[in-house]
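sequence first, then the predicted structure, then my questions.
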Protein chains: 2
Amino acid sequence: MNVTPESRVKRATIEDVAKLAGVSRQTVSRAVNDKAEIDAETKRRVLDAARSLNYRPSRFARGLIRQDTTTLGLIISDIGNPFFPELASGVLRAAQARDWQVVLYDTGEDPEREVLALSTLAAQADVGAGFLTSPEVFAHAERLGVPFAVLDPGWDAGAAPGVGIDIAGGVRLAVRHLAAAGHRRIGMIDGAAGPHDKRRTSFLAVAEELRLDVGEDDVQSAPRSVEGGAEAIGVLRARKPEITAVFAYNDILAVGAVRGLKAAGVRVPEDFAVVGFDGLPLGELVEPPITSVYVDIRRMGELAVAAAAELLAGRTPEPVVVSPELRVRGSA
Amino acid sequence: MNVTPESRVKRATIEDVAKLAGVSRQTVSRAVNDKAEIDAETKRRVLDAARSLNYRPSRFARGLIRQDTTTLGLIISDIGNPFFPELASGVLRAAQARDWQVVLYDTGEDPEREVLALSTLAAQADVGAGFLTSPEVFAHAERLGVPFAVLDPGWDAGAAPGVGIDIAGGVRLAVRHLAAAGHRRIGMIDGAAGPHDKRRTSFLAVAEELRLDVGEDDVQSAPRSVEGGAEAIGVLRARKPEITAVFAYNDILAVGAVRGLKAAGVRVPEDFAVVGFDGLPLGELVEPPITSVYVDIRRMGELAVAAAAELLAGRTPEPVVVSPELRVRGSA
DNA sequence: TTGTACGCGTTATCAT
DNA sequence: ATGATAACGCGTACAA
């Protein structure tokens, strides 16, 4: 007499409805799909039967026949980070325009979960898009045979199809802006998973290029949260009190930095300048608003869907690179 | 080398692989599914064939056989509103725990798009959950026969299964807090779609109960955005300069109100108090931080999935109501 | 207008 | 270890 808690109620099939209505499956099909060649009275009877049995056509059986539903699997790192809803927004819009379904996977930036998500995605979706933490994970996607559009490779994506960001260019804008304001000792709050992140390497490269007084240990890693940013700025200043500006991996960290500075009684931007990356709307709400390297994230989402569509058609998508621009607001 | 012909639109089937590897379909199935009873050499050959044909099993055919994949359709109003990522986070977590897929529909709070989303959802998912703007839209879900867990009915959900919020209780907390601080002339910024929203009606009811100097026209509707809030507070104060506090439909609007007030040179909370609803993390970042009626949104998401699971099992989920609590921060 | 028969791509069962 | 055959639930020529 034991029934498993998770036991799914077995759904009625088209056959059941046919039997109850005293017609053939074909007639049921006609009724539920609103086909023309059917008697009004019969249709009503069939629909009643369907309703009383709580009948819904199986999406699997139906999908088998008409290959017209496309599903995109979207992999993001953390939906709690405002960056990703913004991206999802673009993806959703583009997907809706194409009448695609979007299934969402949140990996928490954990490589293992990414691989897992990729595997389920391969089984449940026609094509994938999103953020992966490393080339190795992307290799897994290739191994599975899922067409996948890589987004924002902080690592070097090489020939991987997808949408890139001109991170080096963006970082250059940020550091140049700080240097132009007279800052020579600049720190960085790094939020990258690995040490080979482009934001980090670009930062160091540009600093060297501009002959700034910046070294490896002026880069402080932090978890990507407001608290992480606040803490990191403290560490940075304790280690090197002479720094007068900081470049943050993203706007969340920048907000945290500003918050940490204010808590320490440091005025922004008068005493200390902060530049973020991403240009999230969020950055405008805080005081002072965050000067940031703006990236059109929604557009990235749309481009990702376009790339996925190409992949699906068996073509190789044109490489696309989104160019950031500097949005000077209050913090630097 | 290994060039995939562009002409091939259709995906390779198990049959194709079988033919190429010179085995039966069954053997291919064994190989790709990692079954035991297969020769290592054969397996390798089959896998090679599969790879070269870019073979991936059809999720439809597979789903037809093993009824073990559950898909939840999540309907949200606007992923650009930080409330919804928060909710999605809870849903995603609970779904992942059950090994469910989550497909996302953003309706932009447009009833027509809600109905549309519901229809697609009915065809693509096993069960739905989310926000619907009206009882009529929910009725459509019932008509379609999709089990659906209704979230946060700002309208009276009656017997509809899902997760409720004790909105009246939350509003009471907010207004009481303002009244206790001596405010008697309180406005409201309404972000509801319709006029019968619980936040609005509760606000008026509590105000009357506390014999405050509040009338129907102290409620100003606004689009749910920061700008909307800023504008609304202006309208409200222009119409009735004596008001000293405002209750906002949600935190976004509250942030907007604060911003509008500051722009007008009004100090918060010294000259004017603002209370929001939702208790988003965002509210802590602005200056002053938003005092708000906190709702455990992620938990709501998890409860929604639980309710959906009940529905799927053919049971009627226990009615659940989430109780908000007041989080006093800086703005009131 | 209605019913019959077959195919969609996969896996399970049973036989070899 | 491998293969033949039968489902799974639905749509659609084709026949009645």
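Yes, it's here.

near DNA strand D, which residues of chain A are found?
Within chain A, the positions near DNA strand D by C-beta under 7 Å from any atom of the strand are A:11, A:13-15, A:25-26, A:29-30, A:32-33, A:55-58, A:60-62, A:64-66. Heads up, the C-betas are built off the backbone N, CA and C, glycines and all.

repeat that for 10 Å
A:10-18, A:24-33, A:35, A:37, A:50, A:55-66, A:68 (C-beta under 10 Å from any atom of the strand).

roughly how far is stretch A:186-201 from the heart of the chain?
How far stretch A:186-201 lies from its chain's middle: 19 Å, per C-alpha atoms, centre = their mean, to the nearest Å.

kindly check the end-to-end length of it for me.
End-to-end span of stretch A:186-201 (C-alpha to C-alpha, to the nearest Å): 14 Å.

can you check stretch A:65-80 too?
39 Å.

drop anything exposed from the residues of chain A next to DNA strand D.
Buried subset of the residues of chain A next to DNA strand D (neighbour count, 16 or more other C-beta atoms under 10 Å in any protein chain shown): A:12-14, A:16-18, A:27-32, A:50, A:55-60, A:63.

the residues of chain A next to DNA strand D: which ones sit near DNA strand C?
Within the residues of chain A next to DNA strand D, those near DNA strand C by C-beta under 10 Å from any atom of the strand are A:14, A:18, A:24-31, A:35, A:37, A:60-66.

out of those residues, list just those in helices.
Of these, the ones assigned to helices by DSSP state H are A:14, A:18, A:25-31, A:60-65.

nearest to A:Phe83 among these?
A:Phe83 lies nearest to A:Gly63 out of those, by C-beta to C-beta, at 32.9 Å.

output the set of residues of the stretch 1-150 of chain A in proximity to DNA strand C.
Residues of the stretch 1-150 of chain A lying close to DNA strand C (C-beta under 10 Å from any atom of the strand) are A:14, A:18, A:21-31, A:35-43, A:45-46, A:60-67, A:123.

in space, what's closest to the closest residue to DNA strand D within the stretch 51-200 of chain A - neighbours in sequence excluded?
Using C-beta to the nearest atom of the strand, the closest approach of the stretch 51-200 of chain A to DNA strand D is made by A:Ala61 at 3.1 Å. Once flanking residues are discounted, A:Ala61 sits nearest to B:Leu64: 5.8 Å by C-beta to C-beta, 6 or more residues apart in numbering or on different chains.

run through the residues that contact the one you found.
By C-beta atoms under 8 Å, 6 or more residues apart in numbering or on different chains, B:Leu64 lies in contact with A:Ser58, A:Phe60, A:Ala61, A:Leu64.

what is the nearest of these to DNA strand C?
Distance to DNA strand C, by C-beta to the nearest atom of the strand, is smallest for A:Leu64 among the contacts of B:Leu64, at 3.7 Å.

neighbours of the residue nearest to A:Leu285 when sequence neighbours are not counted, how many?
Excluding its sequence neighbours, the residue lying closest to A:Leu285 (C-beta to C-beta, 6+ apart) is B:Val286, at 5.3 Å. Applying other C-beta atoms under 10 Å in any protein chain shown, we find 22 residues neighbouring B:Val286.

next one: B:Val286 from B:Leu118, what distance?
Distance from B:Val286 to B:Leu118, counting by C-beta to C-beta, to the nearest Å: 36 Å.

so A:Met188 sits in a helix?
No - if the criterion is DSSP: H, G, I helix; E, B strand; the rest coil, then A:Met188 is strand and not within a helix.

let me know the pLDDT of it.
At A:Met188, the pLDDT value in this model is 98.

tell me the contacts of it?
Contact partners of A:Met188, counting by C-beta under 8 Å, 6+ apart, are A:Arg199, A:Arg200, A:Phe203, A:Asp218, A:Val219, A:Gln220, A:Val246, A:Phe247, A:Ala248, A:Tyr249.

can you pick out the ones from those that are in strands?
Of the contacts of A:Met188, the ones assigned to strands by DSSP state E are A:Val219, A:Gln220, A:Val246, A:Phe247, A:Ala248.

I figured the first one hits A:Ser202, correct?
So that's A:Val219. No - counting by C-beta atoms under 8 Å, A:Val219 stays clear of A:Ser202, with 11.6 Å between them.

what are the ranges of the strands in chain A?
Under DSSP E, chain A gives strands at A:70-76, A:100-106, A:127-130, A:148-151, A:162-165, A:186-190, A:219-221, A:245-248, A:273-278, A:291-294, A:320-322, A:325-327.

check those strands for me and report the most buried one.
Each of these was given a mean neighbour count from mean count of other C-beta atoms under 10 Å in any protein chain shown, and the largest, a mean of 31, is that of strand A:245-248.

against A:Ala95, how distant is A:Glu302?
9 Å.

sorry, wrong one. I was asking about A:Gly194.
A:Gly194 sits 30 Å away from A:Ala95, going by C-beta to C-beta.

dump the residue contacts of the residue of the stretch 151-300 of chain A found nearest chain B.
Proximity of the stretch 151-300 of chain A to chain B (C-beta to the nearest C-beta) peaks at A:Glu287, 4.4 Å away. A:Glu287 is in contact with A:Gly330, B:Val286, B:Glu287, counting by C-beta under 8 Å, 6+ apart.

among those residues, which one lies nearest to DNA strand D?
Among these, and counting by C-beta to the nearest atom of the strand, the member closest to DNA strand D is B:Val286, at 51.3 Å.

where's that closest one relative to B:Val226, distance?
10 Å.

what sits in contact with each of the two?
A:Leu285, B:Val255, B:Arg259.

I'd say A:Val322 and A:Arg299 touch.
Yes - A:Val322 is within contact range of A:Arg299, at 6.6 Å (criterion: C-beta under 8 Å).

pLDDT below threshold where in chain A?
Counting by pLDDT under 70, chain A contains low-confidence ranges at A:1-10.

can I see the domain layout of it?
A:14-65, A:71-163+A:297-321, A:167-294 (automatic domain parsing).

check contacts around A:Glu227.
Contacts of A:Glu227 (C-beta under 8 Å, 6+ apart): A:Gly256.

can you give me the distance of it to DNA strand C?
As judged by C-beta to the nearest atom of the strand, to the nearest Å, A:Glu227 and DNA strand C stand 45 Å apart.

same check on A:Gly234?
Relative to DNA strand C, A:Gly234 is positioned 54 Å away (C-beta to the nearest atom of the strand).

sweet, I'm off.
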